[in-house]
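[1] Quick check, what structure comes out for this input:
(one chain, ligands or ions: 2)
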Amino acid sequence: MEKDEKIVFSGIQPSGKLNIANYIGALSQWPNLQDEDKCIFCVVDYHAITVKKNPKELRKRVIETAKIYLAAGIDSEKSIIFKQSDVSAHTELAWILNCIGARISDLNKMTQFKDKTGENKESASVGLYDYPVLMAADILLYGTEVVPVGEDQIQHVELARDIAKRVNNTYGDIFTIPKAVVKKDGARIMSLLDPSKKMSKSDENENNAIALLDKPEVGRKKIMKAVTDSNTGIYFNLEDKPAISNLLNIYAGLGNREVKRLVKDHKDSGYGEFKNALADVVENFLITFQEKYNSYSDENVLEILEKGKERAEKIAQERLNKLKNAIGII
Ligand code: AMP
Ligand code: TRP
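    Ligands and ions are numbered 1, 2, ... in the order given. Model prediction:
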């Protein structure tokens, strides 16, 4: 490993249709890191089964998600791309951390579990409740320092930090302490029809989100249909202008421009003109993204995942064995 090279780890669940919020919040950070750092990007299929999944669809989404990583600019030579279930050290470490690192009081604080389950906590799977421990295992296995994610994952990365510190206190220097990194603009992209709610790939109304594989003209239409705020003017203010601020974040994220610059350029625009300019950016982004996506075959991707598995396994197994030895399992 080169001096100053950091280890970067992130992952996305192969569930639902990945959307522009996943791209802006998480994926768009990844390619920038791979020249300097050692990057590991995982398709986290064991996370996806925390809620019921159709087996055929899950298999399809794993390949789709890996292709999306490649289309976003991940280079499979520079970075490791692999499927979580291919490296059994993840689930093995999760079990150990369940026993020696994580506490029920930690998991009871997780806001995502509360939000996802609402009134139905009792019927949720134990896996959904425990998922942040599996996520901690993903991160800690690789000596990760940097975890590029959207804002909603910060709490989970903090739990991974706490678990790492607890284990190190008892068993010595096993884990590196990781840190979440989020984007300045776009760590939390909101729904197009309701800017008080997060854009989410599990949303039932497809008009709330633009999928990365939506037809470009569909993406354009969704922007034109997006809600705006009641008063006029294009400026950034989350309280006063939640809808326009969200559209500015989307514009910045897909158009590679700073929000500040966009506000300057559009200060005299009406909503229609502003949305039209953003619709152009979205349409062009989707065209380019999907050209790249379609340049990979399923066979390409399976090969890449197979190579990734071998590379990831070596790194993961070493730290897992060190911990197993420290706790008396080997
Ligand atoms: P998920 O859709 O929960 O699998 O999230 C995959 C990645 O996208 C994670 O890093 C999330 O933090 C990020 N992400 C999900 N939704 C958003 C959003 N609305 N805005 C920004 N980032 C997001
Ligand atoms: N929990 C993350 C999500 O739903 C996905 C994830 C699993 C992840 N393991 C990870 C992200 C490790 C970063 C690092 O979005």
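[2] Please make it C-alpha for all contacts and neighbour counts, starting now.
    Will do.
[3] Quick one: the helices in the stretch 201-330 of the chain, in order.
    Applying DSSP state H, counting those that start in this stretch to the stretch 201-330 of the chain gives helices spanning 216-225, 242-255, 259-265, 271-294, 298-327.
[4] Compare those helices and report which one is nearest to Ser196.
    helix 242-255 (7.6 Å; CA to CA).
[5] picking that back up, and the helices of the stretch 201-330 of the chain, which is most packed in?
    Neighbour counts (mean count of other CA atoms under 10 Å) averaged over each of these peak at helix 242-255, with a mean of 23.
[6] The closest residue to Lys267 other than its chain neighbours: how many residues sit nearby?
    The shortest distance from Lys267 to any non-neighbouring residue, by CA to CA, 6 or more residues apart in numbering, is to Ile234 (5.6 Å). Look at Ile234: counted by other CA atoms under 10 Å, it has 23 neighbours.
[7] what does Lys267 give?
    Using other CA under 10 Å, Lys267 has 12 neighbouring residues.
[8] That one and ligand 1: what is the separation?
    Lys267 sits 25 Å away from ligand 1 when distances are taken as CA to the nearest ligand atom, to the nearest Å.
[9] contacting residues around the residue in the chain that ligand 1 sits nearest to?
    Scanning the chain for proximity to ligand 1 using CA to the nearest ligand atom identifies Gly150 as nearest, at 3.0 Å. Residues near Gly150 by CA atoms under 8 Å, 6 or more residues apart in numbering: 22, 25-26, 182-183, 187-188.
[10] Of the residues you listed, which are in range of ligand 1?
    The residues of these that also fall near ligand 1, by CA under 6 Å from any ligand atom, are 22, 25-26, 187-188.
[11] The residue nearest to Lys267 against Ile244, yeah?
    Yes - assessed by CA atoms under 8 Å, Ile234 is found in contact with Ile244 at 6.7 Å.
[12] Leaving out chain neighbours, which residue sits closest to Ala48?
    Gln13 (5.5 Å).
[13] Excluding covalently adjacent residues, which one is nearest to Asn168?
    Of all residues not flanking Asn168 in the chain, Ile174 sits nearest, at 5.8 Å (CA to CA, 6+ apart).
[14] Need the pLDDT of that neighbour.
    Note for Ile174: predicted pLDDT of 98.
[15] Can you give me every residue that contacts it?
    By CA under 8 Å, 6+ apart, the neighbours of Ile174 are 167-168, 319, 322-323.
[16] Please work out the average pLDDT along whichever strand or helix holds Asp162.
    Using DSSP states H and E, Asp162 falls within helix 154-171. Averaging pLDDT along helix 154-171 yields 98.
[17] tell me what that helix is packed against?
    helix 126-140, strand 179-181, helix 298-327 (3 or more CA pairs under 8 Å, 6 or more residues apart in numbering; DSSP states H and E).
[18] okay, those in CSV with distance to Leu193 next?
    Listed next are the helices and strands packed on helix 154-171 as CSV, based on distance: least, CA to CA, whole Å:
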stretch, distance to Leu193
helix 126-140, 28
strand 179-181, 28
helix 298-327, 34
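[19] Redo these as a markdown table? Include distance to ligand 2.
    Shown next, in a markdown table, are these (distance: least, CA to the nearest ligand atom, whole Å):
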| stretch | distance to ligand 2 |
| --- | --- |
| helix 126-140 | 4 |
| strand 179-181 | 8 |
| helix 298-327 | 14 |
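[20] domains in the protein, as residue ranges please.
    7-182+302-327, 206-293 (automatic domain parsing).
[21] possible to save the ones you listed as a markdown table with distance to Ser200?
    As requested, the domains of the chain are exported to a markdown table (distance: least, CA to CA, whole Å):
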| stretch | distance to Ser200 |
| --- | --- |
| domain 7-182+302-327 | 8 |
| domain 206-293 | 7 |
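[22] Share the number of residues neighbouring Gly127, please.
    16.
[23] Distance check, the closest residue to Lys241 other than its chain neighbours against Ala243.
    Leaving aside its sequence neighbours, Lys241 sits nearest to Asp229 (CA to CA, 6+ apart; 5.9 Å). Asp229 sits 6 Å away from Ala243, taking CA to CA, to the nearest Å as the criterion.
[24] Would stretch 25-42 count as contacting ligand 2?
    No - with CA under 6 Å from any ligand atom as the criterion, ligand 2 is not reached by stretch 25-42; the gap is at least 7.6 Å.
[25] Send me that stretch as PDB with only the CA atoms.
    Only the C-alpha atoms of stretch 25-42 are listed here, as PDB (Å, rounded to 0.1, in the frame of the first residue of the first chain):
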ATOM      1  CA  GLY A  25     -25.400  11.300  -2.500                       C
ATOM      2  CA  ALA A  26     -23.200   8.200  -2.800                       C
ATOM      3  CA  LEU A  27     -22.000   6.900  -6.200                       C
ATOM      4  CA  SER A  28     -20.800  10.200  -7.600                       C
ATOM      5  CA  GLN A  29     -18.200  10.500  -4.800                       C
ATOM      6  CA  TRP A  30     -16.700   7.100  -5.600                       C
ATOM      7  CA  PRO A  31     -14.800   7.500  -8.900                       C
ATOM      8  CA  ASN A  32     -13.000  10.600  -7.600                       C
ATOM      9  CA  LEU A  33     -11.400   8.600  -4.800                       C
ATOM     10  CA  GLN A  34     -10.100   5.600  -6.800                       C
ATOM     11  CA  ASP A  35      -6.900   7.300  -8.200                       C
ATOM     12  CA  GLU A  36      -5.500   8.200  -4.800                       C
ATOM     13  CA  ASP A  37      -7.000   5.600  -2.500                       C
ATOM     14  CA  LYS A  38      -7.700   1.800  -2.300                       C
ATOM     15  CA  CYS A  39     -11.400   1.600  -3.000                       C
ATOM     16  CA  ILE A  40     -13.700  -1.300  -2.300                       C
ATOM     17  CA  PHE A  41     -17.300  -1.200  -3.600                       C
ATOM     18  CA  CYS A  42     -19.700  -3.900  -2.500                       C
END
